[in-house]
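Peer 1: Structure of the sequence below:
(2 chains)
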Amino acid sequence: MARTPRSSYKTRLALTPYLLLAPAFLVLIFVIALPLVFSLYTSFTGYRLVRPDSLWNWVGLRNYERIFTDWDFWVAFGRTILFLAIALNLEFIFGLGIALLINRITWGQRTLRTIMMFPMMFSPILVGYQFKFIFNDNIGVLNNALQSLGISDAATPWLVDRNLAMFSIIFAEVWMSTSVFAILLLAGLFAMPRDPIEAAKVDGCSPLQVFRHITLPFLMPFAFIAMTIRSLDVARAYDIVDVMTGGGPAGRTELLWTLIARVGYDNSRMGQANAMAYVSIILSVAFTYYFFTKLVAARRYMGGAA
Amino acid sequence: MNASLRKRLVAIATWIATFLLMMIICLPGLWVVLTGFRPNREVLSKPAIWIPEQFNLNNFAKIFGFGAEQVAIPVPAYFTNSLVIALTSTAIALIIGMSGGYAFARFRFPFKNSIFLGLMLSRTVPGIALSLPVFMIWSRLGLIDTKMGMIIVYTALNIPFTIWLIDGFFRQVPKEMSEAAQVDGCTRWQAFWRVEFPLAKSGIASAGIFAFLTSWNEYALASQLTRSTDSKTLPVGLMDFTAQFTIDWAGMSAMAVIIIIPALILTFLVQKHLIAGLTFGGVKG
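Peer 2: Here you go, the predicted structure:
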């Protein structure tokens, strides 16, 4: 052996983290990386599920060209972006409000915090079902309540009308995910040092100024953690839409993800669906990357104060 | 307006706001649970019956195949599938996640941050987008509609987040403790099992619960990769009800209750550690 024992120990030590990470990589390569490579290949073919040999039918960029001129795709794409923008902003605002509210309460705070976590742990399919049931125009509790209270006689078609259906879906999404923000922002409020606030008050800052210049900047990293966590699973909205409206009425609640499922499985145009899926993957990755860099920047700004 | 009156008004407003908030959070779920115990006739009646006249376990008996009325949906099989798939994938993800999380918490190595980011990005791939190639590959490997196929997918799905959480929990254990154990003659392996693991144990358990719930709740992939009672999970099974001509709301609600209960219990167990793990792993980087 040419190596001295010392240097072999050193190489072993340097290799240890990679060895520890190896099983994780193996699984992720097999289940995520390889399929994604395959999916990329498929997006350049005219693969249809019903004709297996069409997997070798190379069509170049035709699927992508078709997507970019496909009006339905762009409508779904735009709707998805709009949906995410509205839902995430509402979740942040409500989450902040809820965190500030719970922070004021001294008695029963722990119980409230636990209750707050429940929607987050619900299966999206359940959240969808729950609101499908509540918003049902005929037997839904919402219309029943409106009718019993005499506010409205008509059966409001919550899930059939184009605007109301989108509203109902956003409501379900916000109901499910606001707690991610509320809980992390609340954790931020707990971790917050008291001294700067006291000092600002002594110096004559109004509560609003304290909030604007001290509390909010301190909370931002926590908001970005929430954003990062949320962007890991924004596509869970697929489940909600699928159970509530199935993309209907007449494609008016179609998001990118339900469109992919329709093209790939219902129309069995796998090549085309994979091209769309790639657009959705890039969207998700860009989203997560953006918030992650924001998080890193906010963390650096705080200089490890938390 | 004097100060004490104002203070009291603020307190009252806070309580009202909190009450309304809790109503919004709790009522939808409670309504579904309540419906699970009521007969369909009452659920469908017009005008609405607000105070339940009948309140029993008939719907549960019905979906589990007991009693006079039965549904054509094999809920017990779905329940078993869900349990087997979620438990197995959680166990595997936990072992792999502990090894990976330990690597991130205790070692410095080149490209550490990029590898971490890469792991997280692998989790961002939308389920439905991932389902397309996995569906094609699994159908060639004969893994479609098998529990094994779902277990493999869910293990991969859970690994990144499990590593994130466990990394955070190991980092809360001071490095000095394992070093002290090693000075006292433990090997690194012994130091891990005797010192670091016991201290991070409850955190790791919550990472496990979180992984379990992710598998238990997943729908997008399962809806495409499962076909029959061999592997269909509860969330996919719930959609069986909507495929029927008339929706059996009461039966569906009863099934929803069965999906909710583990989520409620486990959330209750996990809440404290989950918040700590997420914030710690995230903020301290």
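Peer 1: lowest average confidence, helix or strand, in chain B?
Peer 2: helix B:249-283 (a mean of 78; mean pLDDT, DSSP states H and E).
Peer 1: any idea how far it is from the chain center?
Peer 2: Between the centre of helix B:249-283 and the centre of its host chain there is 6 Å, according to C-alpha atoms, centre = their mean, to the nearest Å.
Peer 1: Also stretch A:242-256?
Peer 2: Using C-alpha atoms, centre = their mean, the offset of stretch A:242-256 from its chain centre is 18 Å.
Peer 1: cool, stretch B:233-241 as well?
Peer 2: If you compare the mean C-alpha spot of stretch B:233-241 with that of the full chain, they lie 16 Å apart, counting by C-alpha atoms, centre = their mean.
Peer 1: do stretch B:242-256 as well
Peer 2: 23 Å.
Peer 1: Flag every buried residue along that stretch.
Peer 2: B:247, B:248, B:249, B:250, B:251, B:252, B:253, B:254, B:255, B:256 (16 or more other C-beta atoms under 10 Å in any protein chain shown). Just so you know, the C-beta spots here come from the backbone N, C-alpha and C atoms, and that holds for glycine as well.
Peer 1: ditto for stretch A:103-119
Peer 2: Buried-residue list, stretch A:103-119, by 16+ other C-beta under 10 Å: A:103, A:112, A:113, A:115, A:116, A:117, A:118, A:119.
Peer 1: The last one and residue A:176 touch, don't they?
Peer 2: So that's residue A:119. Yes - using C-beta atoms under 8 Å, residue A:119 makes contact with residue A:176 at a distance of 5.2 Å.
Peer 1: Now do the shared contacts for these two.
Peer 2: Here residue A:119 and residue A:176 share the contacting residues residue A:127, scored by C-beta atoms under 8 Å, 6 or more residues apart in numbering or on different chains.
Peer 1: Locate residue A:210 within the secondary structure: which element?
Peer 2: Taking DSSP states H and E as the criterion, residue A:210 maps to helix A:207-210.
Peer 1: following that helix, which helix or strand comes up?
Peer 2: helix A:216-232.
Peer 1: Just the CA atoms of that next one, as PDB, please.
Peer 2: Presented in PDB, the C-alpha positions along helix A:216-232 are these (Å, rounded to 0.1, in the frame of the first residue of the first chain):
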ATOM      1  CA  LEU A 216     -41.900  43.300   9.100                       C
ATOM      2  CA  PRO A 217     -38.200  43.200   8.000                       C
ATOM      3  CA  PHE A 218     -37.600  40.700  10.800                       C
ATOM      4  CA  LEU A 219     -40.400  38.500   9.600                       C
ATOM      5  CA  MET A 220     -39.500  38.500   6.000                       C
ATOM      6  CA  PRO A 221     -37.100  35.500   6.100                       C
ATOM      7  CA  PHE A 222     -39.900  33.500   7.800                       C
ATOM      8  CA  ALA A 223     -42.200  34.600   5.000                       C
ATOM      9  CA  PHE A 224     -39.700  33.400   2.500                       C
ATOM     10  CA  ILE A 225     -39.400  30.000   4.200                       C
ATOM     11  CA  ALA A 226     -43.200  29.800   3.900                       C
ATOM     12  CA  MET A 227     -43.000  30.800   0.200                       C
ATOM     13  CA  THR A 228     -40.300  28.300  -0.400                       C
ATOM     14  CA  ILE A 229     -42.300  25.500   1.300                       C
ATOM     15  CA  ARG A 230     -45.400  26.600  -0.600                       C
ATOM     16  CA  SER A 231     -43.600  26.700  -3.900                       C
ATOM     17  CA  LEU A 232     -42.500  23.100  -3.300                       C
END
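Peer 1: Please report the distance of the spatially most central residue of chain A from residue A:83.
Peer 2: By C-alpha atoms, centre = their mean, the mean C-alpha position of chain A lies nearest to residue A:234, the distance being 2.0 Å. Separation of residue A:234 from residue A:83 (C-beta to C-beta, to the nearest Å): 9 Å.
Peer 1: Excluding sequence neighbours, find me the nearest residue to residue A:200.
Peer 2: Leaving out its chain neighbours, the residue that sits closest to residue A:200 by C-beta to C-beta, 6 or more residues apart in numbering or on different chains is residue A:210, at 5.1 Å.
Peer 1: do residue A:289 as well
Peer 2: residue B:121 (7.1 Å).
Peer 1: Would you mind confirming that the one you found is in contact with residue A:286?
Peer 2: No - contact status for residue B:121 versus residue A:286: not in contact, 10.1 Å apart, counting by C-beta under 8 Å.
Peer 1: Low-confidence regions, the stretch 1-150 of chain B specifically.
Peer 2: B:1, B:68 (pLDDT under 70).
Peer 1: Please, where are all the helices along it?
Peer 2: Secondary structure of the stretch 1-150 of chain B by DSSP state H, counting those that start in this stretch: the helices cover B:3-36, B:40-44, B:58-63, B:75-106, B:112-124, B:127-141, B:147-172.
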